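Q: starting from these lines, generate the structure:
(one chain, ligands or ions: 3)
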Amino acid sequence: MAIVVQKFGGTSVADAEKIRAAATRALKAYQDGHQVVVVASARGKQTDQLVADALELNPNPPQREMDMLLSTGEQQTVSLMAMALDTMGQKAISFTGQQIQMVTDDAHGKARIQEIGAERIRHSLDAGHICIVAGFQGVDENGNITTLGRGGSDTSAVALAVALGAPTCEIYTDVDGIYTTDPRKYPNAVKMDQISYDEMLEMASLGAGVMHSRAIEFGKKYDVQIHVRSSMNDKTGTIITHEVPKMEGILVSGATVQKDLAKISLIGVDNKPGNAARVFAHMATAQVSVNDIIQTEVSVDKANLSFTIARSDLANAKAAIDEFREDIHCEDVFTREDVAQVSVVGVGMRSHCGVAQTMFAALAEQKVNIDSITTSEIRISCLLDVPDAEKALVAVCDAFELDRPAADRQPAE
Ligand code: ADP
Ligand code: ASP
Ligand code: MG
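A: Ligands and ions are numbered 1, 2, ... in the order given. Below is the predicted model of the structure:
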């Protein structure tokens, strides 16, 4: 019997009616002859509420305790869904991350899954249960509860699909699939039928909150197809899969915006081997995830080193810099606490030129100043002022016709 993993996000389990609808969908898959594993998120805005509860008591809560608290949101949903299935006459059992041995490292708030002991789930599936697993949470080797980062239930689901050998993971959410950009920010965005893992990985890392980026990494590495679709209807959504030749013809598949970044510039650092390594080793120890890095030589002796991070990591990054600043003879530290980034992503960029020019021209026309530019083979990102972010996104989406299905856009030259 094929195993199906279905993940339901917060909006899709927000109240009793929605939990019942999700349970009914899982039951349908079971009745169609599948073994069914459901991964559920906390209901509605429950995680936000728990964060607010914590901050009311302590503006800087210990991370271990934060994970203890946040993990309770998912635990509520899974038990409620098991109860809903029980009323339908279906055997169902809920599990926390700890109960299924979802083992992670100890990076509270952004833990990474190391292994999953899927035994208990297999046993329950074989006994005819639908298994309902709390997403977003795991346990470290010392038995402390960890969480995987906001939006992390996607990663729990795809990782479980890998552990159980399921070929596909279904992500049920509040949109019909992956759009060319966030439809809340650009209402004319269009849904894609499919997108490559690499493009989706870039989009997710660059702020497309529809999928947690680690989930895509797991899918790509272990060959699990991810189907992102709506929990409100039965329409086919977007398949995230390996690249197929026709994707090459699409210059820009999607665009993203991030408004929660900070930029740190280390000015006049000694231009010597080992200094960059030292800076980023300290950042890693401080559990700061670094996005884009730009180093420029300003003289034979000195270089400037800039990088972007999530604004929430800024305090940790500053503390880390204090530890090594003198060792690298850094003359000045310049911090921008609030920068935004607009990016375009597309595998077609590898084989076509002109994308950068189109993007910069669109921004110039809106009088948006570009602070810095970074690129990879399949993306271009521009750092800019936060108040410009929304109009920059719209300008870029218009320029690349992201309001039209790929087949209807002007062909690339
Ligand atoms: P869930 O709770 O189901 O995990 P999320 O809120 O995490 O749902 O993700 C769905 C939301 O992601 C959508 O409501 C949409 O606003 C946002 N989103 C951002 N970028 C995109 C995109 N490119 N395509 C679709 N949705 C997107
Ligand atoms: N409940 C968690 C969050 O709100 C995890 C998730 O929804 O994926 O971030
Ligand atoms: Mg999500």
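Q: can you list the weak-confidence ranges in this structure?
A: Along the chain, the model assigns pLDDT under 70 to residues 412-413.
Q: could you rerun that using 80?
A: 1, 244-249, 410-413 (pLDDT under 80).
Q: how about the residues of the stretch 51-200 of the chain near ligand 3?
A: Contact residues (Cβ under 5 Å from the ion) of the stretch 51-200 of the chain with ligand 3: residue 151. (C-beta placed from N, C-alpha, C; glycine too.)
Q: in this structure, which spans are helices?
A: Under the criterion DSSP state H, the chain contains helices at 16-31, 46-57, 63-87, 119-126, 153-164, 197-205, 213-222, 275-285, 314-324, 355-365, 389-399.
Q: adding distance to residue 373 and mean neighbour count, write these out as CSV.
A: Formatted as CSV, the helices of the chain follow (distance: least, Cβ to Cβ, whole Å; neighbours: other Cβ atoms under 10 Å):
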stretch, distance to residue 373, mean neighbour count
helix 16-31, 43, 18
helix 46-57, 33, 14
helix 63-87, 34, 20
helix 119-126, 46, 16
helix 153-164, 30, 28
helix 197-205, 15, 24
helix 213-222, 22, 21
helix 275-285, 20, 16
helix 314-324, 22, 15
helix 355-365, 8, 16
helix 389-399, 13, 20
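Q: mind putting those helices in a markdown table, distance to residue 330 included?
A: Below are the helices of the chain laid out as a markdown table (distance: least, Cβ to Cβ, whole Å):
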| stretch | distance to residue 330 |
| --- | --- |
| helix 16-31 | 52 |
| helix 46-57 | 33 |
| helix 63-87 | 28 |
| helix 119-126 | 50 |
| helix 153-164 | 36 |
| helix 197-205 | 28 |
| helix 213-222 | 31 |
| helix 275-285 | 9 |
| helix 314-324 | 8 |
| helix 355-365 | 31 |
| helix 389-399 | 29 |
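Q: rebuild the ones you listed as TSV, extending it with distance to ligand 1.
A: Output for those, formatted as TSV (distance: least, Cβ to the nearest ligand atom, whole Å):
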stretch	distance to ligand 1
helix 16-31	11
helix 46-57	9
helix 63-87	11
helix 119-126	21
helix 153-164	7
helix 197-205	6
helix 213-222	10
helix 275-285	27
helix 314-324	24
helix 355-365	17
helix 389-399	11
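Q: which among those is found nearest to residue 99?
A: Closest to residue 99 of these is helix 119-126 (Cβ to Cβ; 6.7 Å).
Q: hmm, who's touching the closest one?
A: For helix 119-126, the external contacting residues (Cβ atoms under 8 Å, 6 or more residues apart in numbering) are 3, 35-37, 93, 95, 99-101, 131, 133, 160, 164.
Q: so which residue of the stretch 51-200 of the chain comes closest to ligand 3?
A: Closest contact between the stretch 51-200 of the chain and ligand 3, by Cβ to the ion, is at residue 151 (4.1 Å).
Q: contacts only, for the nearest residue to that residue once chain neighbours are set aside.
A: Excluding its sequence neighbours, the residue lying closest to residue 151 (Cβ to Cβ, 6 or more residues apart in numbering) is residue 212, at 4.3 Å. Going by Cβ under 8 Å, 6+ apart, residue 212 touches 148-149, 151-155, 204.
Q: residues near residue 325, how many?
A: Residues near residue 325, counting by other Cβ atoms under 10 Å, number 17.
Q: hmm, it is touching residue 319, no?
A: No - contact criterion Cβ atoms under 8 Å: residue 325 and residue 319 do not qualify, at 11.0 Å.
Q: how about the residues of the stretch 51-200 of the chain near ligand 2?
A: Where the stretch 51-200 of the chain comes near ligand 2, counting by Cβ under 6 Å from any ligand atom, the residues are 73, 135-136, 150-153.
Q: about what we covered before: between the contacts of helix 119-126, which has the most around it?
A: Neighbour tally across those (other Cβ under 10 Å): the maximum, 31 neighbours, falls on residue 37.
Q: OK, contacts around it?
A: 3-6, 121, 125, 130-133, 160, 164, 166.
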